[in-house]
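*Asks:* My questions are about this predicted structure, shown below with the sequence.
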Amino acid sequence: MNKKIGLIIQGPVISSGVRGPLLRDKNIITQKKDESFVDFNCIENINKLSLKANGLFKNVVLSTWKNQEIDILKNIKTIDKIIISDENQFEEIYIKNNIFKQNYRKQFHTLKVAMDYLNDHDLDFIVKIRTDLFVDLDQLYEECVKTINKKTILINNGIRHKTRFLEIDDFILGAEPKLFTAWMENIMNIEFRNWGGSHHRLMLSYLWTKYEKSFKYNKLHFFHQEIENNSNKLSNLAIREWEYFHILDKDILSNSKLRGEKLDKRYFEFDVQKPLKGRHKFKYNFTLYFKWFRENLL
């Protein structure tokens, strides 16, 4: 029986960033040079993805930001819904006013609004890919079906660093709609950390979404200041979840293209590590914890 799977193509029309083959070096590339940096127009890639998805995925949603070339996308008939957010308005409201201190939430905003649209479409599963990433959608669909059968979530790679198992990469993500929606709502609404990026917040928010009730009054665990050496309870849960995650077949990433070029091999060619807990340090951010406590329980 065919599964009803929704596809979210998420991201900007113009993707600016480090070239695909150099992506694992992005934190040490400090200058915008032609040999390391590219401004990639995603329109052709979006069109190719939507054409391939037509008849394979039940719904195809493009969730992007306002752009002067957006009218071209409106003519693509294989996209069921185009959701256009205003990037400047988002930054003005949420980032400049320190409601969200981190730029990473822009990605999850575009996912959240797409989820809101797909929620009443009676889907078995939702998967998201990037506007600047081309992958074999036949293979991706099959990976989604395997994930559904395992009753877990889809992520794009295993653990690269054995002590950093409280992180999830954000290239490709998939989950059952109810879980995925709650997951994105939590990552948008809870300030788990006051520094860093998306990967550890994805895992913290996932664990919160799935196990929040089991922590009762001990939610302080989620507001630890370190990713490695985190609370034993949270670390044990994360290690257990890694045993059940469905990890994307690496052939999909090895044959993919990011911003028109092959993806850095270091994203899929590595020895998968077994998680190793560090010694727990009692080092929690009480300010963020009590901020959440006041906003939600008082």
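*Replies:* Everything's here; your move. Numbers count the residues shown, from 1 in each chain.
*Asks:* quick one: the strands in the stretch 51-200 of the chain?
*Replies:* Per DSSP state E, counting those that start in this stretch, the stretch 51-200 of the chain carries strands over the ranges 59-65, 81-85, 125-130, 133-134, 154-155, 173-175.
*Asks:* Let's have those in CSV, adding distance to Asn47, mean neighbour count and mean pLDDT.
*Replies:* To be clear about C-beta, it is placed using only N, CA and C from the backbone, and glycine gets the same treatment. As requested, the strands of the stretch 51-200 of the chain are arranged in CSV below (distance: least, CB to CB, whole Å; neighbours: other CB atoms under 10 Å; pLDDT from 0 to 100):
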stretch, distance to Asn47, mean neighbour count, mean pLDDT
strand 59-65, 10, 23, 94
strand 81-85, 12, 16, 91
strand 125-130, 14, 25, 97
strand 133-134, 11, 22, 95
strand 154-155, 24, 23, 96
strand 173-175, 22, 25, 97
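*Asks:* Any chance of those strands in TSV with distance to Ile5 as columns?
*Replies:* Listed next are the strands of the stretch 51-200 of the chain as TSV, based on distance: least, CB to CB, whole Å:
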stretch	distance to Ile5
strand 59-65	8
strand 81-85	15
strand 125-130	5
strand 133-134	17
strand 154-155	10
strand 173-175	8
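*Asks:* Which parts of stretch 15-30 count as buried, going by neighbours?
*Replies:* Ser15, Gly17, Val18, Arg19, Gly20, Pro21, Leu22, Leu23, Ile29 (16 or more other CB atoms under 10 Å).
*Asks:* contact partners of it?
*Replies:* By CB atoms under 8 Å, 6 or more residues apart in numbering, the surrounding residues in contact with stretch 15-30 are 35-40, 42, 130-132, 257-264, 266-267.
*Asks:* Which PyMOL command selects the buried ones in those?
*Replies:* Burial among these is assessed by 16+ other CB under 10 Å; the matching PyMOL selection reads:
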select buried, resi 36+37+38+40+42+130+131+132+258+259+260+263+264+267
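*Asks:* now, which of the buried residues of stretch 15-30 sits nearest Val61?
*Replies:* Using CB to CB, Ser15 comes nearest to Val61 of the buried residues of stretch 15-30, at 17.9 Å.
*Asks:* Pull the worst-scoring helix or strand of the chain on mean pLDDT out as PDB, backbone CA atoms only.
*Replies:* The weakest-scoring helix or strand in the chain, judged by mean pLDDT, DSSP states H and E, is helix 87-90 (a mean of 70). The C-alpha trace of helix 87-90 is given here as PDB (Å, rounded to 0.1, in the frame of the first residue of the first chain):
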ATOM      1  CA  GLU A  87      12.500  37.600   5.800                       C
ATOM      2  CA  ASN A  88      13.000  41.300   6.800                       C
ATOM      3  CA  GLN A  89       9.900  41.300   8.900                       C
ATOM      4  CA  PHE A  90      10.900  38.000  10.600                       C
END
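*Asks:* Give me the residue ranges of the stretch 101-250 of the chain where confidence is low.
*Replies:* 101-103 (pLDDT under 70).
*Asks:* can you give me the helices in it?
*Replies:* Counting by DSSP state H, counting those that start in this stretch, the segments of the stretch 101-250 of the chain that form helices are 105-118, 137-150, 177-189, 198-215, 232-242, 250-254.
*Asks:* For Lys277, find the nearest of those helices.
*Replies:* It's helix 232-242; of these, that one is closest to Lys277 (CB to CB) at 5.0 Å.
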